[in-house]
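Student: sequence first, predicted model second:
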Amino acid sequence: MPALPFDWNIKGFNDTAVANCPNGVVHQIQAAIIANLVANGATNHGNKNILFIFFETVMRLEVGVEMLIPI
């Protein structure tokens, strides 16, 4: 089962509307990244925002045919 561990650097986020701010991408904050991971099938293990696990994966059977396989 695929998993993504995170060691967040909170100072690296840009939570302001200032363009070209040196501390990150405008509006790319921790909550937005977590929401994107969860929206794309990741489980936030223990709701601690450290480990995100993908319990299902896509198995390609043939060109154009996909099937979700629980792992």
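Tutor: Arrived safely, thanks for sending. Residues are numbered from 1 along each chain as shown.

Student: pull the helix or strand with minimum mean pLDDT from the protein.
Tutor: Every helix and strand in the chain was compared by mean pLDDT, DSSP states H and E; the lowest is strand 65-70, with a mean of 54.

Student: was I right to think residue 6 contacts residue 49?
Tutor: Yes: counting by CB atoms under 8 Å, residue 6 does reach residue 49; the two are 7.0 Å apart. The C-beta positions use only the backbone N, C-alpha and C, and glycine is treated the same way.

Student: let's test this: mean pLDDT of the helix or strand harbouring residue 35, rounded?
Tutor: Taking DSSP states H and E as the criterion, residue 35 maps to helix 30-39. Mean per-residue pLDDT for helix 30-39: 90.

Student: with only the CA atoms kept, save that helix in CSV.
Tutor: Extracted in CSV, the C-alpha atoms of helix 30-39 (Å, rounded to 0.1, in the frame of the first residue of the first chain):
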residue,chain,number,x,y,z
GLN,A,30,-0.8,22.9,4.7
ALA,A,31,-4.6,22.6,4.9
ALA,A,32,-4.9,22.9,1.1
ILE,A,33,-2.3,20.1,0.5
ILE,A,34,-4.0,17.8,3.0
ALA,A,35,-7.4,18.5,1.4
ASN,A,36,-6.0,17.6,-2.0
LEU,A,37,-4.4,14.4,-0.7
VAL,A,38,-7.6,13.3,1.0
ALA,A,39,-9.7,14.3,-2.1
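
Student: from the contact counts, what lies against that helix?
Tutor: Applying 3 or more CB pairs under 8 Å, 6 or more residues apart in numbering; DSSP states H and E, we find helix 30-39 packed against strand 42-44, strand 51-54.

Student: now with 6 Å?
Tutor: Helices and strands in packing contact with helix 30-39 are not found; criterion 3 or more CB pairs under 6 Å, 6 or more residues apart in numbering; DSSP states H and E.

Student: touching that helix from outside, list them.
Tutor: The list of residues contacting helix 30-39 from outside it, by CB atoms under 6 Å, 6 or more residues apart in numbering, reads 49, 52.
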